[in-house]
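Colleague: All I have is the shape, not the residue letters:
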């Protein structure tokens, strides 16, 4: 089954990104495809390569990057939401790309299931 | 349809609105919503009533994280992330009551 | 339209206090370009988004409520308000800046069940 995931909150502040990541990993482990993760609202902060959590904490941004590399997950950051919040190509972490809201609607159309994580 | 709730029932109307509005089906409590499914919580009676209409599930890793893994009320099904994925697969649509 | 999916945008948050209402509306406007069967549902504090007469000058946030009126031009015409939510807030249909269909909770629940994709904000 083809999954789309929406992440509406930034990392660390809210559990949404953690829940979304663990859901994505579990979906892939069961043989599903996670076709796209769309980051919206403050969720765009998940794509900041300037993120530096303490050593003993999970690195939410790098975790997404790794998932994208290993399982060809398309990590899309909403351009309008990103510009509002200071996320640009120059501080975009590896594996993420910035694109329009149409990518969210497209995920709704093309995926068998769309699961939203937010506040 | 799968209904996903992530707010504590004592700080948000999300659970109430979902149970009052949704036509029924699978419901999954995640994140802070897991408190609703613990013995003695003010939401317990509400969930008991809802059991006729909804099949209630709780995301166990979230309940364990909050120190309440041993207080799960009767009649609520414990699932892990794999179970969460199954719930989304088995329902045509899912809605997060954010 | 036969292969169009039924998209429902569920709005349960008030405007201005948080950005969800505005950014939800932005998705709705984009979705109109994809020829899908789009509807908007307003529940809980989401019904406040449609209140007439919003004056935001004093808070220096852009008043985006006129955009709800523009939805019609994008062929987004299915706007549903939950009756119980509206009444609990002392509002009636005349308070809204656009024409809406008022549904009971049960009707709203049934409509949600008929959707292919539900996006909540």
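Modeller: Thanks, I have the structure now. These numbers come from a predicted model, not from an experiment.
Colleague: Just give me the neighbour total for the residue of chain A found nearest chain B.
Modeller: Residue of chain A nearest chain B, by CB to the nearest CB: residue A:26 (3.7 Å). Where C-beta positions appear, they are placed from N, C-alpha and C, glycine not excepted. Residue A:26: 17 surrounding residues under other CB atoms under 10 Å in any protein chain shown.
Colleague: Let's verify it: helix, strand, or coil?
Modeller: Following DSSP: H, G, I helix; E, B strand; the rest coil, we place residue A:26 in the helix state.
Colleague: isn't it right up against residue B:79?
Modeller: No - contact criterion CB atoms under 8 Å: residue A:26 and residue B:79 do not qualify, at 10.4 Å.
Colleague: quick one: residue A:36 is in a helix?
Modeller: No - with three-state DSSP as the criterion, residue A:36 is strand rather than part of a helix.
Colleague: so where do the helices sit in the chain?
Modeller: I went with chain A, as the question did not name one. For chain A, helices defined by DSSP state H occupy the ranges A:16-29, A:60-71, A:79-84, A:102-110.
Colleague: that answer is for a different chain, and I need it for chain C
Modeller: With DSSP H, the ranges of helices along chain C come out as C:20-31, C:66-70, C:83-88, C:105-113.
Colleague: How about chain B?
Modeller: B:14-21, B:44-50, B:60-65, B:81-90.
Colleague: Now do the shortest one, average pLDDT.
Modeller: The average of the pLDDT scores along helix B:60-65 is 98.
Colleague: For it, name the packing helices and strands.
Modeller: Applying 3 or more CB pairs under 8 Å, 6 or more residues apart in numbering or on different chains; DSSP states H and E, one finds that helix B:60-65 contacts strand B:77-79.
Colleague: 10 Å instead?
Modeller: Contacts defined by 3 or more CB pairs under 10 Å, 6 or more residues apart in numbering or on different chains; DSSP states H and E place helix B:60-65 against helix A:16-29, strand B:77-79, helix B:81-90.
Colleague: Count the residues that sit near residue A:56.
Modeller: Other residues lying near residue A:56 total 5 when counted by other CB under 10 Å.
Colleague: mind checking how far it is from chain C?
Modeller: Per CB to the nearest CB, to the nearest Å, residue A:56 is found 32 Å from chain C.
Colleague: Now do the phi/psi pair for that residue.
Modeller: Dihedral pair for residue A:56: phi -90, psi 10, per degrees, to the nearest 10.
Colleague: still on that earlier bit, hey, which of the helices of chain C is tucked in deepest?
Modeller: helix C:20-31 (a mean of 21; mean count of other CB atoms under 10 Å in any protein chain shown).
Colleague: Please tell me how far that helix is from the chain's geometric centre.
Modeller: 9 Å (CA atoms, centre = their mean, to the nearest Å).
Colleague: Just name whatever secondary elements it is in contact with.
Modeller: Counting contacts by 3+ CB pairs under 10 Å, 6+ apart, helix C:20-31 packs against strand A:74-78, helix A:79-84, helix A:102-110, strand C:6-11, strand C:37-42, helix C:66-70, strand C:117-120.
Colleague: Let's have those in a markdown table, adding mean pLDDT and distance to chain B.
Modeller: Shown next, in a markdown table, are those (pLDDT from 0 to 100; distance: least, CB to the nearest CB, whole Å):
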| stretch | mean pLDDT | distance to chain B |
| --- | --- | --- |
| strand A:74-78 | 98 | 17 |
| helix A:79-84 | 98 | 16 |
| helix A:102-110 | 98 | 11 |
| strand C:6-11 | 98 | 7 |
| strand C:37-42 | 97 | 9 |
| helix C:66-70 | 96 | 20 |
| strand C:117-120 | 97 | 4 |
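Colleague: sorry, back to before: I'd say the residue of chain A closest to chain B and residue B:86 touch.
Modeller: Yes - counting by CB atoms under 10 Å, residue B:86 is a contact partner of residue A:26 at 9.3 Å.
Colleague: Give me the common contacts of the two.
Modeller: Common contacts of residue A:26 and residue B:86 (CB atoms under 10 Å, 6 or more residues apart in numbering or on different chains): residue B:80.
Colleague: returning to what we had before: mind putting the helices of chain B into JSON lines with mean neighbour count and distance to residue C:86?
Modeller: Output for those, formatted as JSON lines (neighbours: other CB atoms under 10 Å in any protein chain shown; distance: least, CB to CB, whole Å):
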{"stretch": "helix B:14-21", "mean neighbour count": "22", "distance to residue C:86": "13"}
{"stretch": "helix B:44-50", "mean neighbour count": "16", "distance to residue C:86": "23"}
{"stretch": "helix B:60-65", "mean neighbour count": "18", "distance to residue C:86": "33"}
{"stretch": "helix B:81-90", "mean neighbour count": "19", "distance to residue C:86": "31"}
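Colleague: what touches both of residue A:26 and residue B:79?
Modeller: By CB under 10 Å, 6+ apart, the residues touching both residue A:26 and residue B:79 are B:85, B:86.
Colleague: Isn't residue B:82 up against residue A:30?
Modeller: Yes - under the criterion of CB under 10 Å, residue B:82 makes contact with residue A:30 at 6.2 Å.
Colleague: any idea how far residue C:64 is from the residue nearest the centre of chain C?
Modeller: Nearest residue to the geometric centre of chain C (CA atoms, centre = their mean): residue C:40, 4.4 Å. Separation of residue C:40 from residue C:64 (CB to CB, to the nearest Å): 14 Å.
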